[in-house]
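> next come a sequence and a model predicted from it.
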Amino acid sequence: MPLKETHIALAHGNGGRYMRELIEDLFVSRLGNAALDTSLDAATVPAMPAGELVVTTDGFTVHPLEFPGGNIGSLAVHGTVNDLAVAGATPVYLTLNAFIEEGIEIALLERLIDAMAKAAANSRVNIIAGDTKVVRRGEADGVYFATTGLGIRPHTLRLGMPEIRAGDQVLVSGTVGDHGAAVLLAREEFGFHGELKSDAGSVLYLAQTLTRIPGLRFMRDPTRGGLATVANEIVRCTGLCMRLNESAIPVSDPVQSVCELLGYDPFYLACEGRLIAVVARDNASQAVDALIAAGAHAALIGEFSEADPQVIVQTELGGERILEELEDDPLPRIC
């Protein structure tokens, strides 16, 4: 049954009736499945398929809580699923911790949890355990979510930065910077609006498509710090040079306009529904074709060479610039 209250009170975190009703009438009623048993303080994980157990954990603090294309509820599920997917794993189970601020509207919480339930169902994962905490007004900006994800990866699949070699190609599954730009506009701090939507969503199907391609070396979803941060992490680990072709990197017109107006570089803006992959040269075109066939706007954007470990962007005007590692956060509270 729906909660009688309209806003969260500190009593919803005191361990008594209000907390029980919050858990049962909001979380369990919307997220409930056969694996979620709130009568226990620990979940029993049913037998899992054969393979390597892959575990990830994440926290979500996006502001605003709702933005064009998603909200913090769907983002929490998709972000955790995506971390498992780009590691080559099939997500199976999630846990959820909710830190809820006193005074937040129950109706808003219901929308966030409904979006979370829908995202979990679409990704075929079960939320099997969780916890709620209520903090004083002003201490959580509405709600924070923290998640842990469990998945299974085949023993034969080897992915990682150490697998990357000179000559390997870099690809991206779609336009970059959409999430960062959409959240920026949703904050309405700059006096203009747009139709731009976040790319927030699952990359599970795309990642599974790539794992069937020979020569796949590495995958990553470019969240905080965007494409530039992932690129710099790779060159720092491998000692190779990554050369990117600016004209090949897909950036939507609305994102480009926002960046030009406000002085942002789209390569540093977060994506929440994209993946970057490194594939052997002989298999790179096959990988892009497979992603396009799966519905992605994929493109080959660069390659690795035996040169100084830095990220070099060949500009559309024919020059070059170094894509430096991010130092200042260009857009806080993004995911």
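Received, thanks.
> tell me where the stretch 101-250 of the chain has strands.
Secondary structure of the stretch 101-250 of the chain by DSSP state E, counting those that start in this stretch: the strands cover 126-135, 143-153, 169-172, 216-220, 241-245.
> okay, those, which one's buried deepest?
Highest mean neighbour count among those (mean count of other Cβ atoms under 10 Å): strand 169-172, with a mean of 25. Backbone N, C-alpha and C define where each C-beta goes, glycine included.
> neighbouring strands - and their directions - for it?
Strand pairing for strand 169-172, determined by DSSP bridges: strand 276-279 (antiparallel), strand 299-305 (antiparallel).
> please convert the ones you listed to CSV, extending it with mean pLDDT.
Rendered in CSV, the data for the strands paired with strand 169-172 read as follows (pLDDT from 0 to 100):
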stretch, mean pLDDT
strand 276-279, 98
strand 299-305, 98
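> those strands: which one's closest to residue 240?
Proximity to residue 240 (Cβ to Cβ) singles out strand 299-305 among those, at 4.5 Å.
> which SSE is residue 75 in?
helix 72-86 (DSSP states H and E).
> dump stretch 35-54 to PDB, restricted to CA.
The C-alpha coordinates for stretch 35-54 follow below in PDB (Å, rounded to 0.1, in the frame of the first residue of the first chain):
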ATOM      1  CA  ALA A  35      15.500 -13.000  -4.400                       C
ATOM      2  CA  LEU A  36      14.800  -9.900  -2.300                       C
ATOM      3  CA  ASP A  37      13.900 -11.000   1.300                       C
ATOM      4  CA  THR A  38      13.800  -8.100   3.800                       C
ATOM      5  CA  SER A  39      13.300 -10.500   6.700                       C
ATOM      6  CA  LEU A  40      17.000 -11.200   6.600                       C
ATOM      7  CA  ASP A  41      20.100  -9.000   7.200                       C
ATOM      8  CA  ALA A  42      22.000 -10.900   4.500                       C
ATOM      9  CA  ALA A  43      21.000 -12.300   1.200                       C
ATOM     10  CA  THR A  44      21.600 -15.800   0.100                       C
ATOM     11  CA  VAL A  45      23.100 -15.800  -3.400                       C
ATOM     12  CA  PRO A  46      21.500 -18.600  -5.500                       C
ATOM     13  CA  ALA A  47      23.800 -20.800  -7.500                       C
ATOM     14  CA  MET A  48      25.400 -18.900 -10.300                       C
ATOM     15  CA  PRO A  49      26.500 -20.100 -13.800                       C
ATOM     16  CA  ALA A  50      30.000 -21.300 -14.300                       C
ATOM     17  CA  GLY A  51      32.700 -18.700 -14.800                       C
ATOM     18  CA  GLU A  52      34.700 -16.000 -13.000                       C
ATOM     19  CA  LEU A  53      32.800 -14.000 -10.400                       C
ATOM     20  CA  VAL A  54      33.100 -10.200 -11.200                       C
END
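> show me the domain layout of this structure.
10-153, 161-322 (automatic domain parsing).
> would you tell me which helix is longest in the protein?
Ranked by number of residues, the top helix in the chain under DSSP state H is helix 106-123.
> so where's the stretch 1-150 of the chain shaky on pLDDT?
Along the stretch 1-150 of the chain, the model assigns pLDDT under 70 to residues 1, 34.
> count of residues packed around the residue lying closest to residue 334 once chain neighbours are set aside?
Closest residue in space to residue 334, ignoring its immediate chain neighbours: residue 270 at 4.9 Å, by Cβ to Cβ, 6 or more residues apart in numbering. Neighbours of residue 270 under the rule other Cβ atoms under 10 Å: 29.
> cool, the one 5 residues further on as well?
Residue 275 is surrounded by 25 other residues when neighbours are defined as other Cβ under 10 Å.
> isn't it up against residue 219?
Yes. Under the criterion of Cβ atoms under 8 Å, residue 275 makes contact with residue 219 at 5.4 Å.
> on that earlier part again, the longest helix of the chain packs against which elements?
Contacts defined by 3 or more Cβ pairs under 8 Å, 6 or more residues apart in numbering; DSSP states H and E place helix 106-123 against helix 29-31, strand 66-67, strand 70-71, helix 72-86, strand 90-101, strand 126-135, strand 143-153.
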